[in-house]
Structure formats: structure tokens, C-alpha cells
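**Student:** Coordinates only, no sequence provided:
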């Protein structure tokens, strides 16, 4: 059998139900708000971490750009130094050639021969000096012919002269010079 309750429900029960529904609604809203707040906090932490990472990467980029700038300055300095070294090498080559020629000349000059004048123009040298006698001049010419620095020495003049009461032979020699050896 079916039973029907025809007794009216008191208003208090209706209000209790509304209060419970309101409490459940408020609790649900608070729970949703709390979950949203937690999710927002987590997202903000993730965004903050990504921003810190971006900031760190930007700093690294700036440091690398500074290093690239240093590398470029070093390359420019290297090029400048290389060009300076090339100039020094060319000057050194130009300087050592005459030094070697003069060193060779001091090695091949006989004891009884003196040079008064050494004039060089366009790798052509004119030597003037005096010797005790003719064979000393001949020995000097032979030594010059065997040198790698002197090319085709030619005796231009030989004259007897009085030097402090001693008779000597004044001479002039023309020769081409090879500074490269």
C-alpha cells in the first residue's frame, strides 16, 4: 500500500535545507576558489622560474656578446700586429743584408789592405783604399770573386802613393752587391 503524508512540512525543515544548500554552495565556491588560487600560484611560480631562466639566458647572451667583442678586438689587434711583424721582417731583411755584406767584407780583407771609402748606390759599390803592394790587391779581388755577396768585382785604378814615408798602392774597385746572399 501506498502511504501519502498529507501533513505539511514545517518551514523550519525547508529553511534547514536552504541553509545546507547555501553552505554546500559556499563550501563549493570556497573550494573552487582555493583550487583556482593554488593553480594560479603554481602557474605564477612556473612563470617566475621561466622569467628567471630567461633573465639568466639574457645575461649569458650579454656575456657572450662581450666575449665576441673581445674576440673581434683581438682579431683586429692580431691583424695589426701581423702587419707590424711583416714590416719588421722586411726591415730586418733589408738590414741584415748589408750587415752580412759588411761582415763578409771584414772577413776577406787581407791584413795589408785598408779601405778608405765604401759608397753604395743601387746595389753597386765603389771601394777605395790602399794596400802594401799589388799582390795583396789581387788576393782581395780573388776573395771577392769567391764571395756569395759580391758579383763581378772590377779593379778600376791602381796608383802608387806615398803614405807617411811608405810607398803604398791606392786602388778603386767597382762591384755589384747581392744582399740576399
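**Tutor:** Here it is on my side, so go on. All values reported here derive from a predicted model rather than from experimental measurement.

**Student:** Domain parsing of the chain, as residue ranges.
**Tutor:** Structural domains of the chain, as assigned by automatic domain parsing, span the residue ranges 10-99, 109-177.

**Student:** CSV for those domains, including mean neighbour count and mean pLDDT?
**Tutor:** For every residue, glycine as well, the C-beta is placed using N, CA and C. As requested, those are exported to CSV (neighbours: other C-beta atoms under 10 Å; pLDDT from 0 to 100):
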stretch, mean neighbour count, mean pLDDT
domain 10-99, 10, 87
domain 109-177, 15, 92
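
**Student:** Now do the longest strand anywhere in the chain: which elements does it pack against?
**Tutor:** Among the elements of the chain assigned as strand by DSSP state E, the one spanning the most residues is strand 150-163. If contacts are counted by 3 or more C-beta pairs under 8 Å, 6 or more residues apart in numbering; DSSP states H and E, strand 150-163 sits against helix 134-146, strand 166-177.

**Student:** Tell me the first helix or strand C-terminal of the host helix or strand of residue 43.
**Tutor:** Secondary structure assigned from DSSP states H and E places residue 43 in helix 11-108. With elements assigned by DSSP H and E, the helix or strand that comes after helix 11-108 is strand 113-121.

**Student:** looking at it, residue 161 is touching residue 129, isn't it?
**Tutor:** No: contact between residue 161 and residue 129 fails when scored by C-beta atoms under 8 Å: they sit 11.2 Å apart.

**Student:** list residues touching both of the two?
**Tutor:** Residues touching both residue 161 and residue 129 by C-beta atoms under 8 Å, 6 or more residues apart in numbering: residue 170.

**Student:** contact partners of the longest strand of the chain?
**Tutor:** Applying C-beta under 8 Å, 6+ apart, the external contacts of strand 150-163 come out as 101, 104, 130, 134, 137, 141, 144-145, 167-178.

**Student:** In the protein, which residue is most central in space?
**Tutor:** By C-alpha atoms, centre = their mean, the chain has its centre lying nearest to residue 78, at 2.4 Å.

**Student:** any idea how far the helix holding residue 43 is from the chain center?
**Tutor:** From the chain centre to the centre of helix 11-108 is a distance of 26 Å (C-alpha atoms, centre = their mean, to the nearest Å).

**Student:** same deal with stretch 109-123?
**Tutor:** Centroid separation between stretch 109-123 and its chain, computed with C-alpha atoms, centre = their mean, is 45 Å.

**Student:** does residue 125 really touch residue 115, like I thought?
**Tutor:** No: contact between residue 125 and residue 115 fails when scored by C-beta under 8 Å: they sit 10.5 Å apart.

**Student:** residues contacting residue 172?
**Tutor:** With C-beta under 8 Å, 6+ apart, residue 172 has these contacts: 126-128, 155-157.

**Student:** Pairing-wise in the sheet, spell out the partners of residue 174.
**Tutor:** Applying DSSP bridges to residue 174 yields these beta-bridge partners: residue 126, residue 154.
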